[in-house]
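*Asks:* The following comprises the amino acid sequence and a computationally predicted model.
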Amino acid sequence: MEKIFEDKNKEEEYKRIFDAYDDDMDGKIPLNFLIKQIKHQGFSILQEKHRFQEIKQYISSLPHKEKSNIDFQNFQDIMEMPDSDLIEKALLGKLIVPDFSEFTESIEKIYEIVKEVKDGENASYIPQLAEVDSNLFSIAACTVDGQQCDIGDSDTYFCVQSCSKAISYCIAVEEHGIDYVHKHVGKEPSGASFNKNFLNPDNLPHNPMINSGAIMIAALISPDLEMYKRYEYVKRYWSSLAAGARVGFQNATYLSEKDTASRNFCLGHMMMDAKAFPEDTDLDNILDFYFQLCSLEVTSKDMAIIAASLANGGVCPMTNQRIFKEDTVNHCLSLMHSCGMYDYSGEWAYSVGIPAKSGVGGCVFLVVPKVMGICIFSPRLDSRGNSVRGIEASKLLLKEYTMHRYDNLKGVVTPFSHKMSLLQSMAEQKNEFTKDLLNAVADDDLHHLQCILEEVKEENFNINSISDYDDVTPAHVACSFNHEEILHYLIELDADFNNVTDKWGKTPLDRASEAGHKDVVKILHKLYASEKDLCYTTD
């Protein structure tokens, strides 16, 4: 019996969605129109490689495929297939980023601005990286629901370099546990450049996100396997995180880096001398393995999926496969937040506030926990080895959205804020703000009202721009409920009591007069100087 009711409720929900998109009310919806609406929310269902497979087959079986007009039965058939929950959320605006088209537009705008930045130079100490086209630039994003967008050279493969450190750390922790790993490597920012020749007071590398720490991590990964098997083992992790995507290897970069690796050899021998490595470590093999891991190559699109897998607690959003434990990712993100951007890490944590990892190949990947992963690629580097455009694009993104770890301390995000919420559409933000404000007026809660308006005092806010679906303004509510203290406060904010009308054509003054609130009417008479200046709409 419960299943019957559940099925009935589902059918009614599907019918509501169908009717909402049936603009002509003829019982038919153009399928390509629905596909377009879903694409606006970040899903290209006909191009997906892992999800929506049964739905794609169903569409292919229709007489005119995606150009078909579907009726409710067709729609219901689709909504009962695997992955249809994502389509339902997309059509209802309930995905993790409900206004993904707005986010995509922001990414495109930031790309166009940052593309004009010509500062920085390619990494020169690795000859092969110096030859990469310095004008390459891309931004890609993937949410934990698998919504995707990208712009620029997002299909171009680049060398991950130090971005490999975060993934290698996760693999080592998965194999050995956090306690064993940190017997061999610290957790503190070094405060120095990534290849600095020194250890912490315990004669260990400061953290896994700098060269010495990453060399140590390489020594911990599957030490019993032959070298070629270790490489393939790690590469499979990368591919799984990227939803099965091809993960390449830049052999020329590997050879180039190996030939110019005097500093890394020095770091290795320093740690060997300090007895920091596990017993029986073959240093030459470990350094070779480390160079191989740095020479892996991916695209920006794939790196965004990898970052999204970390944002999703170790589960790839495109395949729903768990790759890492949640605790493993938690430890990794903590280190990325404090140590992921070389000796710029402190400034990054302060101004951007998102776990991130950079590499001298030009990649910066960001992880917004439980929301999304972002990859920015541009080989132009600053003096610290970070992508100039990567940092600039990240800062602009943080100006647009409340991504910083402590943005929530500033109070609620309003539709008048300089920053937007990723997790709410503008319509949702405005509805929530309006409801909260009108409730404060109705409850005669001046303190709460002042707290709400404190959030928008610098946002060119106009109290007269706020009204609900019945066009009821704060002034209407104050006059209807005879809240004189609120009334005086609204007067200070230049609220209009005399001209704005609600759905029924009534002004705030009309509402006060109808309710017999003589003191309120008297205050408004005095405010507008004389009765002849007042606009009564009542008979």
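*Replies:* Great, that's in hand. Residues are numbered from 1 along each chain as shown.

*Asks:* Can you say which helix or strand has residue 223 in it?
*Replies:* Applying DSSP states H and E as the criterion places residue 223 outside every helix and strand.

*Asks:* Averaged pLDDT, stretch 363-372. What do you get?
*Replies:* Confidence for stretch 363-372, expressed as mean pLDDT, is 96.

*Asks:* Without its sequence neighbours, what residue ends up closest to residue 38?
*Replies:* Closest residue to residue 38 apart from its sequence neighbours, by Cβ to Cβ, 6 or more residues apart in numbering: residue 90 at 4.8 Å. The C-beta positions use only the backbone N, C-alpha and C, and glycine is treated the same way.

*Asks:* and if you look at residue 271?
*Replies:* Spatially, and ignoring its direct neighbours in sequence, residue 271 is nearest to residue 277 (5.9 Å; Cβ to Cβ, 6+ apart).

*Asks:* Now do the same contact list for residue 235.
*Replies:* Counting by Cβ atoms under 8 Å, 6 or more residues apart in numbering, residue 235 touches 247, 249, 296.

*Asks:* Derive a PyMOL selection command for the buried subset of these.
*Replies:* Buried residues among the contacts of residue 235 (16 or more other Cβ atoms under 10 Å), as a PyMOL selection:
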select buried, resi 247+296
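
*Asks:* Columns pLDDT, distance to residue 50 and secondary structure on top of the contacts of residue 235, output as JSON lines?
*Replies:* Shown next, in JSON lines, are the contacts of residue 235 (pLDDT from 0 to 100; distance: Cβ to Cβ, whole Å; DSSP: H, G, I helix; E, B strand; the rest coil):
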{"residue": "247", "pLDDT": "98", "distance to residue 50": "16", "secondary structure": "coil"}
{"residue": "249", "pLDDT": "96", "distance to residue 50": "24", "secondary structure": "strand"}
{"residue": "296", "pLDDT": "98", "distance to residue 50": "22", "secondary structure": "strand"}
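
*Asks:* So which of the contacts of residue 235 is the closest to residue 47?
*Replies:* residue 247 (20.1 Å; Cβ to Cβ).

*Asks:* just checking, that closest one touches residue 293?
*Replies:* No: counting by Cβ atoms under 8 Å, residue 247 sits too far from residue 293 to count as a contact (11.1 Å).

*Asks:* any idea of the pLDDT on residue 436?
*Replies:* 86.

*Asks:* so when I look at it, I'm seeing a helix, right?
*Replies:* Yes: assignment of residue 436 by DSSP: H, G, I helix; E, B strand; the rest coil places it within a helix.

*Asks:* How many residues are close by the residue found closest to it once you drop the neighbours it is linked to in the chain?
*Replies:* The shortest distance from residue 436 to any non-neighbouring residue, by Cβ to Cβ, 6+ apart, is to residue 452 (5.9 Å). Applying other Cβ atoms under 10 Å, we find 19 residues neighbouring residue 452.

*Asks:* Let me see the contact set for residue 452.
*Replies:* Contacts of residue 452 by Cβ under 8 Å, 6+ apart are 412, 433, 436-437, 440.

*Asks:* closest to residue 288 among the contacts of residue 235?
*Replies:* In terms of Cβ to Cβ, no member of these lies closer to residue 288 than residue 249, at 13.2 Å.
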